[in-house]
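Trainee: Sequence and predicted structure, then a few things I'm wondering about:
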Protein chains: 2
Amino acid sequence: MNDLPSFSALVDSFSKLPGVGAKSAERMAYSVLEMDEDDAIAFSDAIKNVKTRISRCPKCGLFQEDGECEVCSDIGRNHDVCIVVAQPRDALAFEKLNDFKGVYHVLGGVLSPTKGVGPEELKIDELLNRIEEEGIKELIIATNPNMDGETTALFIAKLLEGKNVAVTRLAYGLPMGASLDYADTLTLGKALEGRRKL
Amino acid sequence: MNDLPSFSALVDSFSKLPGVGAKSAERMAYSVLEMDEDDAIAFSDAIKNVKTRISRCPKCGLFQEDGECEVCSDIGRNHDVCIVVAQPRDALAFEKLNDFKGVYHVLGGVLSPTKGVGPEELKIDELLNRIEEEGIKELIIATNPNMDGETTALFIAKLLEGKNVAVTRLAYGLPMGASLDYADTLTLGKALEGRRKL
């Protein structure tokens, strides 16, 4: 039982996934052992397919399957409005809203002096080019609401000062369903600052 | 982004694993997307290998790789003492102890009148045969300490009454490091009942 090389290899692979410790990796490997043959083959193939079929859109940086970005190639979308995100998965959150019909631009990270990430490491030049070429009219900067996300948003806004493009930022405030006495002071401060007329 | 069939297929596969919800499955699939090519191929192969190379030992029921059970085939082990477990993974827990040098017998479950599992569904006849043929002298019944596990243990003990084999059960009591005020009454009762002289 201690010496099943195939099993150990699978446990190793599972434990490389985010949030999976040694114990869960083992439980997952067991469940593969007990899985239907068909399900296991589908699983194995799915991993290979994801790596071979999915690439990044050279324009916006989102993931695309079989070489076509479904956002960039969709003429039904509004190519004048662009949400700027750090990672492709952030764009997915907006897609799930099913409300935003503009396009995206993936920076590939955020500025972080402490981690040595400068503007050259991000797709900022590409963003400026797209604004020029595609005539983007509004840029909604949707980096995370933390120090590095803020710095990045301000940096981009500064770069575009005086240009013919509106730069906006997501609203800060209390999350829906939150309770006032659990809100942290920073959030509460932002909620107060950003108050709106009813 | 919503329409990446390979990605969705992988999310589906991940969400079939125990303890993996929709959100974690998605996070795992993302990490495969961002994984090294080599790691992804190793992962995919590991799943296939586990299904093709690992089988169950026809004698004890443990998992074996490439057709040889490392416990049953080990002449250095004591074949007179046998731990009876419900599932192969229970045996692994004992193997990790690195202390038990006997053999195992996997029942493939426990008796459960409510779930319709009777003695025919379990490898109980096979166990009786092994006791006969291999001359097993002690049977340590290590089914889980719950209703069905207890029933199964008592059922096997009853079957072997008068036979030339000692049937024992794991000790019940407080787990090491536990605190008395958090112990449930059943466990505490068992700990008191099973008290030992110092």
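Mentor: Great, that's in hand. Numbers count the residues shown, from 1 in each chain, chains lettered A, B, ... in the order given.

Trainee: Going along the chain, name the helices of chain A.
Mentor: A:5-15, A:22-33, A:37-53, A:88-97, A:124-134, A:147-159, A:185-193 (DSSP state H).

Trainee: Check which helices and strands the longest one sits against.
Mentor: Yep, that's helix A:37-53 we're talking about. With contacts defined as 3 or more Cβ pairs under 8 Å, 6 or more residues apart in numbering or on different chains; DSSP states H and E, helix A:37-53 has these neighbours: helix B:5-15, helix B:22-33, helix B:37-53. In this view, the C-beta of every residue, glycine as well, is placed from N, C-alpha and C.

Trainee: a markdown table for those, including mean pLDDT?
Mentor: As requested, the helices and strands packed on helix A:37-53 are exported to a markdown table (pLDDT from 0 to 100):
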| stretch | mean pLDDT |
| --- | --- |
| helix B:5-15 | 93 |
| helix B:22-33 | 92 |
| helix B:37-53 | 94 |
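
Trainee: Let me know which of those helices is tucked in deepest.
Mentor: Highest mean neighbour count among those (mean count of other Cβ atoms under 10 Å in any protein chain shown): helix B:5-15, with a mean of 20.

Trainee: Who are the packing partners of that one?
Mentor: Under the contact criterion of 3+ Cβ pairs under 8 Å, 6+ apart, helix B:5-15 touches helix A:37-53, strand A:63-65, helix B:22-33.

Trainee: Rebuild these as CSV, extending it with distance to A:L192.
Mentor: Below are the helices and strands packed on helix B:5-15 laid out as CSV (distance: least, Cβ to Cβ, whole Å):
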stretch, distance to A:L192
helix A:37-53, 45
strand A:63-65, 38
helix B:22-33, 31
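
Trainee: wait, which of the ones you listed is closest to B:A142?
Mentor: Smallest distance to B:A142 across the helices and strands packed on helix B:5-15 (Cβ to Cβ): 28.7 Å, for helix A:37-53.

Trainee: and the angle from the closest one to helix A:22-33?
Mentor: Here helix A:37-53 runs at an angle of 110 degrees relative to helix A:22-33 (axes from the mean of the first three to the mean of the last three Cα atoms, to 10 degrees).

Trainee: So, low pLDDT: which residues of chain A?
Mentor: A:1-2 (pLDDT under 70).

Trainee: you'd agree A:V110 is up against A:M147?
Mentor: No: applying Cβ atoms under 8 Å, one finds A:V110 not in contact with A:M147, separated by 9.3 Å.

Trainee: Among those two, which residue is more densely surrounded?
Mentor: A:V110 (23 against 13; other Cβ atoms under 10 Å in any protein chain shown).

Trainee: roughly how far apart are that one and chain B?
Mentor: Distance from A:V110 to chain B, counting by Cβ to the nearest Cβ, to the nearest Å: 16 Å.

Trainee: quick revisit: compare the helices of chain A and report which one is nearest to A:A178.
Mentor: helix A:185-193 (8.3 Å).

Trainee: buried ones in that closest one?
Mentor: Going by neighbour count (16 or more other Cβ atoms under 10 Å in any protein chain shown), the buried part of helix A:185-193 is A:187, A:190-191.

Trainee: Which of those sits closest to B:L62?
Mentor: Lowest distance from B:L62 to the buried residues of helix A:185-193 (Cβ to Cβ) belongs to A:T187, with 54.0 Å.

Trainee: Not counting sequence-adjacent ones, nearest residue to the closest one?
Mentor: Spatial nearest neighbour of A:T187, chain neighbours left out: A:L174 (6.5 Å); criterion: Cβ to Cβ, 6 or more residues apart in numbering or on different chains.
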